[in-house]
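# got a predicted structure here, sequence first:
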Amino acid sequence: MPLDAFCLSAVREELARQITGMRIDKVQQPERDVIILSLRGSGVAHRLLISAGSGDMRVHLTEHQFENPASPPMFCMLLRKHLTGARIKSIIQPPGERVLEFLLESMDAMGVFSEKKLVIELMGRMSNVVLIDADSGVIDCLRRVAPEPGKRVMLPGLLYRPPPPQEGKVNPLFVLQEEWRALFGLANEQTVDKWLLSSFFALSPLICRELSHRAYGTGDFRMDAIRDGGEALCREFFALTETVAEGRFQPCLISDLDNAPRDFSYVCITQYEGALTVTQLDSFASMLDGFYTRTAQLDRVRQRASAMSKTVRNARDRLVRKLAAQREELKKTADREVLRECGDIITANMFAMKKGQSELIAADFYAEADGATRKIALDIRKTPQQNAAKYYKDYTKAKNAEKFLTEQIVRGETELLYLESVLGDIALAEGERDLEDVRRELMQTGYLKTQKQGKQKVKESAPMRFESSSGAQILAGRNNTQNDKLTLKIASKTDVWLHAQKIHGAHVIISCAEMPLDEATLYEAAAIAAYYSSSRAGGKVPVDYALVRHVKKPSGGRPGMVTYTDFKTIIVSPDEELVRQLRKG
């Protein structure tokens with residue numbers, strides 16, 4: 001559901017309790033529509049996420065880390081100038097509106113305290129973030145709106161005008177029962193949820209269907225089928241508004257049977273009747289963070305990775321076609337001995353041949369049966385000696401081709417495994433830095449054109465860091481190049497190396513320098529290796545483990561490719577929740 005006005009009021013109430021009085025320490029803008037405010041106060045720190053994206057508009061505290069772009073956008077620089085050090089005095093929501101106003105107090109360049117407002121408008125494609133001075137003048141906004149018929153102008157220097165109220169709709173919090181019944185009497189033939197949605201603002205489609213279900217047992221009950229004069233619907237409607245007015249909110253996450261988030265609400269949802277799972281969470285921050293942030297991050301990474309994935313897939317598909325052609329050619333070389341035998345038979349019968357013959361039928365002394373003959377095609381333009389030489393030449397060519405093609409196929413199959421591993425790295429990438437590492441690797445291996453970096457030093461990402469339940473340090477590589485570095489340079493020879501069996505995945509290292517390996521640490525490290533592998537979405541995954549001293553890099557091997565001996569295998573399941581709990585960086 002979109003973050004409707006009632007749900008936003010629940011978020012506002014939670015934020016007001018947690019961050020009022022805190023100061024803004026840092027401002028980030030990791031994405032075009034996303035702003036992160038780092039807050040500090042009274043020994044605690046929070047990160048406030050503000051998203052003005054049309055599909056994921058929201059405001060909430062977040063625990064996720066975000067990567068800063070190489071150069072901050074201009075709006076981010078302006079916010080840093082005006083907001084760094086500012087104290088949050090209050091958070092206000094205009095009644096029934098999807099708007100939050102953060103009243104801020106800061107000291108200007110002259111040392112005088114001044115007030116500013118950060119207005120967050122969460123209205124679909126018209127969502128915006130606006131910074132306003134004490135005189136209601138627009139300092140700047142995330143999305144500037146030029147003068148255009150039917151649109152509210154939003155430009156620096158103009159007076160801020162709040163969004164116009166929705167015409168033809170009533171605020172549910174201010175309607176009386178007599179007014180409600182009057183509106184009900186004017187309803188035409190439609191479903192209950194459609195009537196609620198068209199008559200009242202601040203109600204989302206999900207909540208309208210829920211009121212219909214609570215009153216009449218189904219989310220799409222028709223108005224013309226109501227026989228109680230709307231009393232059941234009236235009762236449920238005002239029970240909801242009473243819940244909102246009293247602030248008795250329940251953050252609920254709605255998931256499908258595979259645990260994938262599907263929706264959320266500020267009241268308990270009953271309409272799905274077991275088809276979907278409704279889980280009550282501790283806070284609206286965790287609800288929105290779980291529903292939006294991780295999914296939004298992965299979607300952005302997938303969009304950015306699409307061009308790179310296409311390049312790698314094209315290279316892989318070309319290699320697959322090339323291997324198929326080489327294998328077909330190799331099959332043809334299997335009959336090369338027949339060519340040599342034909343040359344021998346021609347040589348043995350030259351005395352009986354003459355130029356211009358189209359074929360030779362002679363005794364086949366290579367056949368097991370006595371008296372067998374062989375018919376051999378000849379080139380009428382060649383002499384018998386030249387025909388024999390041609391068969392010998394074709395035999396030698398086929399013999400050499402077998403050796404050459406076999407070597408080429410082995411190299412091609414190795415390269416195919418490498419390209420599949422790169423696609424796996426792209427699929428498992430968690431951010432722009434991970435993608436940049438893969439992009440750099442593809443440049444080094446020649447699949448992408450090398451870009452001039454200038455004098456700017458390239459900062460490589462660090463391996464993922466985990467801590468087992470018993471306190472042992474676990475490291476995991478993010479890509480092929482990092483896997484090599486982790487296994488061959490960082491890890492000690494006595495550390496334990498883990499990898500999902502016979503599939504692409506991260507190299508995982510258990511550091512055994514400070515404490516001996518225990519079963520819980522081994523299982524948790526294996527779960528990490530299974531999760532960061534191409535079998536993440538599968539069931540049980542076999543994971544091989546061995547001492548690092550038994551892991552070797554084959555000569556000329558592509559990044560990430562190793563061989564290993566003296567290993568054992570453990571069967572585990574990819575456990576996202578466990579991995580998230582163990583991860584430290």
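Thanks, I have it.
# now do the strands in the stretch 251-400 of the chain.
For the stretch 251-400 of the chain, the strands defined by DSSP state E, counting those that start in this stretch cover 252-255, 261-265, 277-280, 359-363, 373-377.
# please apply the same query to the stretch 401-550 of the chain.
Counting by DSSP E, counting those that start in this stretch, the stretch 401-550 of the chain has strands at residues 464-467, 473-476, 496-500, 508-510, 541-547.
# give me whichever of the ones you listed is most buried.
strand 508-510 (a mean of 28; mean count of other Cβ atoms under 10 Å). Placement of C-beta: from N, CA and C, glycine included.
# by contact count, what packs against it?
Secondary-structure packing of strand 508-510 (3 or more Cβ pairs under 8 Å, 6 or more residues apart in numbering; DSSP states H and E): strand 473-476, strand 496-500, helix 519-531.
# specify the angle between the last one and strand 541-547 in degrees.
Which is helix 519-531. If you take axes from the mean of the first three to the mean of the last three Cα atoms, to 10 degrees, helix 519-531 sits at 120 degrees to strand 541-547.
# show me what counts as buried in helix 519-531.
521-531 (16 or more other Cβ atoms under 10 Å).
# picking that back up, ok, which of the helices and strands packed on strand 508-510 comes nearest S511?
Set against S511 and scored by Cβ to Cβ, the helices and strands packed on strand 508-510 come closest in strand 473-476, at 4.3 Å.
# which residues touch the closest one?
With Cβ atoms under 8 Å, 6 or more residues apart in numbering as the test, strand 473-476 has contacts from 463-468, 486, 490-491, 506-511, 514, 521, 524-525, 528-529, 532, 582.
# show me the shaky parts of the stretch 401-550 of the chain.
451-460 (pLDDT under 70).
# got the contact list for stretch 123-135?
Residues from elsewhere that reach stretch 123-135 (Cβ under 8 Å, 6+ apart): 2, 33, 35, 50, 52-54, 57, 75, 78-79, 82-83, 98-99, 114-121, 138-143, 145, 154, 160, 163.
# so which of those residues sit within strands?
Among the contacts of stretch 123-135, the members found in strands (DSSP state E) are 35, 50, 99, 114-121, 138-141.
# among the contacts of stretch 123-135, name the buried ones.
Neighbour-count burial (16+ other Cβ under 10 Å) applied to the contacts of stretch 123-135 gives 2, 33, 35, 50, 52-53, 57, 75, 78-79, 82-83, 98-99, 116-121, 138-143, 154, 160.
# tell me what angle the helix ranked longest in the chain forms with strand 373-377.
When the chain is parsed with DSSP state H, its longest helix is helix 384-428. With the same axes, to 10 degrees applied, the angle from helix 384-428 to strand 373-377 works out at 80 degrees.
# hang on, the earlier thing: of all the strands of the stretch 251-400 of the chain, which one is nearest L8?
Of all the strands of the stretch 251-400 of the chain, the one in closest proximity to L8, counting by Cβ to Cβ, is strand 261-265 (12.3 Å).
# so what touches that closest one?
Residues from elsewhere that reach strand 261-265 (Cβ under 8 Å, 6+ apart): 1, 7, 206-207, 210, 250-256, 269, 276, 287-288, 290-291, 295.
# re the thing from before, of the buried residues of helix 519-531, which is the nearest to A260?
With Cβ to Cβ as the yardstick, the closest approach to A260 among the buried residues of helix 519-531 comes from Y531, at 16.2 Å.
# residues touching that closest one, list them.
Here Y531 is in contact with 574-576, 579 (Cβ under 8 Å, 6+ apart).
# go on, D518?
470, 472 are the contacts of D518 under Cβ under 8 Å, 6+ apart.
# what subset of the contacts of strand 261-265 is buried?
1, 7, 206-207, 210, 250-255, 269, 287-288, 290-291.
# between those, which is closest to L498?
Closest approach to L498 among the buried ones among the contacts of strand 261-265 (Cβ to Cβ): G290, at 28.4 Å.
# need the contact list for the closest one.
Residues near G290 by Cβ under 8 Å, 6+ apart: 253, 261, 281.
# try 7 Å this time
With contact set as Cβ atoms under 7 Å, 6 or more residues apart in numbering, G290 has these partners: 253, 261.
# phi, psi for the residue nearest to L488 when sequence neighbours are not counted please.
Distances taken as Cβ to Cβ, 6 or more residues apart in numbering place K553 nearest to L488, at 6.0 Å, with adjacent residues excluded. When read as degrees, to the nearest 10, the backbone of K553 gives phi -100, psi 120.
# chain center to stretch 390-410: distance?
A distance of 47 Å separates the centroid of the chain from that of stretch 390-410, by Cα atoms, centre = their mean, to the nearest Å.
# any buried residues in that stretch, and which?
Neighbour counts over stretch 390-410 (16+ other Cβ under 10 Å) mark 390-392, 394-395, 398, 401-402, 405, 408-409 as buried.
# again, but for stretch 201-212
201-204, 206-212.
# re earlier: kindly write the ChimeraX command that selects the buried subset of the contacts of Y531.
Only the buried entries of those go into this ChimeraX selection, using 16+ other Cβ under 10 Å:
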select :574,575,579
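# from G41, how far out is A348?
The gap separating A348 from G41 is 101 Å, by Cβ to Cβ, to the nearest Å.
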